[in-house]
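Colleague: sequence unknown, structure follows:
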């Protein structure tokens with residue numbers, strides 16, 4: 001396990017930080033999260049290991065997929081299409097959706113996947129995942145809760161994080177903060193090539209995965225050292241702990257995009 005820590009990475013309420021092995025992460029990816037105007041965007045949704053271009057898990061059909069725009073919920077489940085996503089290890093079934101964004105403001109995308117059986121651990125994993133696209137630099141929905149069983153509520157715009165700055169959020173379970181939630185953070189270290197449904201072959205940094213805990217109020221803060229996409233997962237914070245007679249880890253995932261200052 002890599003013991004190199006990013007300078008400036010910290011957790012609210014404690015100075016302790018440990019690195020994490022590359023972990024499962026549900027992606028909900030589009031290459032640009034701030035657009036000048038609306039139009040067609042494509043979201044890619046593999047369940048994989050973005051820090052090391054690791055194993056791609058075979059996804060089942062998602063249970064829910066929808067967007068929130070100016071407080072209005074739109075069901076997008078019918079827009080999903082099966083694809084194959086390729087990493088350095090294998091190719092596995094994933095999903096994509098081609099969507100048209102209309103109007104200014106934020107669109108919050110929510111994916112609720114079918115629990116995945118991880119045979120090596122004899123557990124199921126379900127990652128309730130959110131990502132964000134802004135149109136026209138008009139903030140509308142980014143700081144709202146979506147009422148998920150578990151979710152991370154951002155305290156800063158998740159599509160406009162400054163590399164070298166910080167990002168904060170609150171971990172919620174059924175709308176209530178989760179004290180000392182266990183959190184994993186991973187950098188998309190092998191950039192996605194969405195037009196080819198795969199990760200690139202070249203890593204960007206040497207220490208792409210870390211772990212921390214939220215404080216007593218469920219709040220966390222970490223320093224963001226590099227531009228790109230970062231996934232944040234609060235592990236086992238959902239109310240559901242069993243699926244088909246086995247242990248279920250019901251996780252909250254949020255994706256943020258960090259940018260360099262020009």
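Modeller: Sure, I can see it. Quick caveat: nothing in here was measured; it's all calculated off a predicted structure. Numbers count the residues shown, from 1 in each chain.
Colleague: isn't residue 237 right next to residue 253, touching?
Modeller: No: under the criterion of CB atoms under 8 Å, residue 237 makes no contact with residue 253, lying 10.5 Å away. Heads up, the C-betas are built off the backbone N, CA and C, glycines and all.
Colleague: how about residue 78, secondary structure?
Modeller: The local conformation at residue 78, judged by DSSP: H, G, I helix; E, B strand; the rest coil, is helix.
Colleague: and it, how many neighbours?
Modeller: 7 (other CB atoms under 10 Å).
Colleague: likewise residue 46?
Modeller: The number of residues packed around residue 46, counting by other CB under 10 Å, is 29.
Colleague: over to residue 223?
Modeller: Once other CB under 10 Å is used to define contacts, residue 223 is seen to have 14 neighbours.
Colleague: could you do residue 70 as well?
Modeller: Based on other CB under 10 Å, the number of other residues close to residue 70 is 12.
Colleague: and the gap between it and residue 259?
Modeller: Between residue 70 and residue 259 the computed distance is 24 Å (CB to CB, to the nearest Å).
Colleague: do the same with residue 52
Modeller: Following CB to CB, the distance that separates residue 52 from residue 259 is 24 Å.
Colleague: compare the two (neighbour count), which wins?
Modeller: Taking residue 52 and residue 259 together and counting by other CB under 10 Å, residue 52 has the greater number of neighbours (20 against 16).
Colleague: name the SS class of the more buried one, please.
Modeller: Under three-state DSSP, residue 52 comes out as coil.
Colleague: wait, it sits on residue 189?
Modeller: Yes: counting by CB under 8 Å, residue 52 sits close enough to residue 189 to count as a contact (6.8 Å).
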